[in-house]
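Asks: Sequence plus predicted model, see below.
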Amino acid sequence: MTASGTPSRGVIHDLGYRPYQGPRLGEGAIARALVVTGLRNAFGLGRSGKSKVLPFVLLAFNLLPAVVVAGILVFVGLEELPIGYARYASTTQVLLGIFVAAQAPVLFSRDLRHGSITLYLARPLRAGTYALARAGSLLLATLVFLLSPVLILYVVALLGELDVVEQTKDAALAVVLALLLALSLTGVAGLIAACSTRRGFAVVGTIAVLLVGNGLVSAVQSVASFEGADGVGEVAGLFTPYSLYRGLLDAWVEGGGVTPPSGVGMEVAYVLVLVGLSAACLAGLVVRYRRVAGR
Amino acid sequence: MNPTLVRLASHALLGRRRGLVLLAVPVVLVLLSVMMRLLTSEGVGQEAVLNLGYTLALPLVALLAASAVLGPEVDDGSIVHLLAKPVNRHVVAFSKFVVAWTAALVLGALPLTLCSFVMDASDPEQALAWGVGGAVAATAYTGLFMALAALTRHAVVVGLLVVLLWEGLLGNLFTGVRWVSLGTWGRDVAHALDEALYDPGVGLGYALGAAAVLATGAVWLAGDRLRSFTLRGDE
């Protein structure tokens, strides 16, 4: 890059136009712009009308129970929310899975498939930064998806004059859990989408990993609980994002559940695996894009 | 049916990594049932594993197979080369359907029989019932997903919404959904073969008829859509 802006001598065809001599923004500004554009694109903003349909339909489905709960709370006048903030994401995990699986290819596959990745990398933007910026967009989009119902519930709870301290504590815990879940989902979906440039393939692959994996773990957990081998169920819970989330939810917020992690050691392991999984996937993304850039 | 098209479609289905992922789902399911059988007594967890296989693994395999034989070609526009050949479009659709259907039967329905048999070898009748019910559901699912792939670029996501939202979430909330849910038709057939299995109560005749009508109609619709196919740009 010619950071100084001085035109080089080797000009093929010089029409004598004045070159741009103002300040040039660096890698950070490009990455920020990319994150914002990516976030908008994940919801279909700035894209064709058709691509807005799916994310907003899913978001509407996701918000529907929260709105219904809000209505019930207002008209019936309950003493507490019928569904916990953190439990909400676990209840609507199918919608969340479809959203992440369907929108990850929008951010990760298209540039690879159409070769426009070379244009991005022609800027002072390293492949690793590009990958992290894309992951950041997906993370923010997932958080919007996860936290908007929490926000609705929280506002309704406050307007309904439920206990402020208690509600704030619960909501804050839900935000922390949502952040952990969003990180791991972003990592898994992003990595699959970046490795498979076929859209449909990436979507089904992500759903298979997230939901079939979760189903397998649930089956093992219910059998382990039935057989009285809770330890097996706890270890099985370590294997998929949704079961990790569910385990932490049971352990921290609600109690109960099928083989929740017992003891601080296991809880720490659950958190570490969630964070480690996300970190590993992000590292995989960076490696993948570096390899593409090196080609 | 056109042998060349069948060959090309099976290449698209099994070629490269797609075949591996298609294989992975049933293999994991069977491994899980083997593991459970070894660690616990006969029949424990059978229902959980088979429900998972039937409601999630089978539709996903059918979806992957159906979209693999048609989706990528529509996606990158290379289907025009195929459509430019003097082959009846209905034959094109049917040939592709046969390949996807075979895959769904072998990798979606057969593993159900295997799992059921592994976990409870004393009841081969039940294993057979799962297999036949799975086959009926696989036929209907493959047909539906083929038609979706010919209709829209977002066939995979729409298919997922059908399976997970319509049949999964709404099917649990509204009992009326069972009449128009592909999964329950297969379950009804399975129940007819083994009384011990869950009975959705739509009637065997209705279940078989609905599955047949849907599959035939869907394949015809896919052929019809290919007949008047317009290429669109990427969104």
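Replies: Ah, there it is.

Asks: where does chain B dip in pLDDT?
Replies: Scanning chain B for pLDDT under 70 picks out B:16, B:231-235.

Asks: That one against chain A: which residues are in contact?
Replies: Listed as neighbours of chain A in chain B under the rule CB under 8 Å from any CB of the partner chain: B:17-18, B:21, B:24-25, B:28-29, B:32, B:36, B:40, B:44-45, B:48-49, B:52, B:56-57, B:60, B:63-64, B:67-68, B:71-72, B:75, B:154-157, B:160-161, B:164-165, B:168-169, B:234-235. No exception for glycine: its C-beta is placed from N, CA and C like everyone else's.

Asks: from those, which ones fall inside helices?
Replies: In this view, the residues of chain B next to chain A that belong to helices under DSSP state H are B:17-18, B:21, B:24-25, B:28-29, B:32, B:36, B:48-49, B:52, B:60, B:63-64, B:67-68, B:71-72, B:75, B:155-157, B:160.

Asks: Please pick the buried ones from those.
Replies: Among these, those buried by neighbour count (16 or more other CB atoms under 10 Å in any protein chain shown) are B:18, B:21, B:25, B:28-29, B:32, B:36, B:48-49, B:52, B:60, B:63-64, B:67-68, B:71-72, B:75, B:155-157, B:160.

Asks: buried residues in the helix or strand that contains B:Ala212?
Replies: Using DSSP states H and E, B:Ala212 maps to helix B:204-227. Residues of helix B:204-227 classed as buried: B:207-208, B:210-211, B:214-215, B:218-219, B:221-223, B:225-226 (neighbour count, 16+ other CB under 10 Å).

Asks: what's the closest of those residues to A:Gly49?
Replies: Closest approach to A:Gly49 among the buried residues of helix B:204-227 (CB to CB): B:Arg225, at 21.7 Å.

Asks: Can you give me every residue that contacts the closest residue to the closest one other than its chain neighbours?
Replies: In space, and not counting its chain neighbours, B:Arg225 is closest to B:Ala150: 3.9 Å by CB to CB, 6 or more residues apart in numbering or on different chains. Neighbour list for B:Ala150: B:70, B:74, B:93, B:221-222, B:225-226 [criterion: CB atoms under 8 Å, 6 or more residues apart in numbering or on different chains].

Asks: which stretches of the stretch 151-295 of chain A aren't confidently modelled?
Replies: By pLDDT under 70, the weakly predicted segments of the stretch 151-295 of chain A are A:295.

Asks: What residues does the stretch 1-150 of chain A have near chain B?
Replies: Going by CB under 8 Å from any CB, the residues of the stretch 1-150 of chain A near chain B are A:47-48, A:50-51, A:54, A:61, A:94-95, A:97-98, A:101-102, A:110, A:114.

Asks: Now these in TSV, please, with extra columns for pLDDT.
Replies: Formatted as TSV, those follow (pLDDT from 0 to 100):
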residue	pLDDT
A:Arg47	87
A:Ser48	86
A:Lys50	84
A:Ser51	86
A:Leu54	90
A:Phe61	92
A:Val94	91
A:Leu95	92
A:Gly97	94
A:Ile98	93
A:Ala101	94
A:Ala102	93
A:Arg110	87
A:His114	84
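
Asks: Buried ones from the residues you listed, can you make that a PyMOL selection?
Replies: Only the buried entries of those go into this PyMOL selection, using 16+ other CB under 10 Å:
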select buried, chain A and resi 51+54+61+94+95+97+98+101+102+110
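
Asks: A:Gly256: which of the residues of the stretch 1-150 of chain A next to chain B is nearest?
Replies: Using CB to CB, A:Val94 comes nearest to A:Gly256 of these, at 21.7 Å.

Asks: I'd guessed the closest one sits against B:Glu167; true?
Replies: No - counting by CB atoms under 8 Å, B:Glu167 is not a contact partner of A:Val94; they are 11.1 Å apart.

Asks: just the angle between the lengthiest helix in chain B and helix B:204-227, please?
Replies: When chain B is scanned for its longest helix (criterion: DSSP H), the result is helix B:124-151. Helix B:124-151 runs at 30 degrees relative to helix B:204-227, counting by axes from the mean of the first three to the mean of the last three CA atoms, to 10 degrees.

Asks: and helix B:124-151, which residues are buried?
Replies: B:126-150.

Asks: Centre of the chain to it, how far?
Replies: Distance of helix B:124-151 from the chain centroid (CA atoms, centre = their mean, to the nearest Å) equals 5 Å.

Asks: Between helix B:58-76 and it, find me the angle.
Replies: Here helix B:124-151 points in a direction 20 degrees away from that of helix B:58-76 (the same axes, to 10 degrees).

Asks: if we can go back for a sec, out of the residues of the stretch 1-150 of chain A next to chain B, list just those in strands.
Replies: Among the residues of the stretch 1-150 of chain A next to chain B, the subset assigned to strands under DSSP state E is empty.

Asks: which of the residues of the stretch 1-150 of chain A next to chain B lies closest to A:Arg134?
Replies: Nearest to A:Arg134 out of these is A:Arg110 (CB to CB; 10.5 Å).
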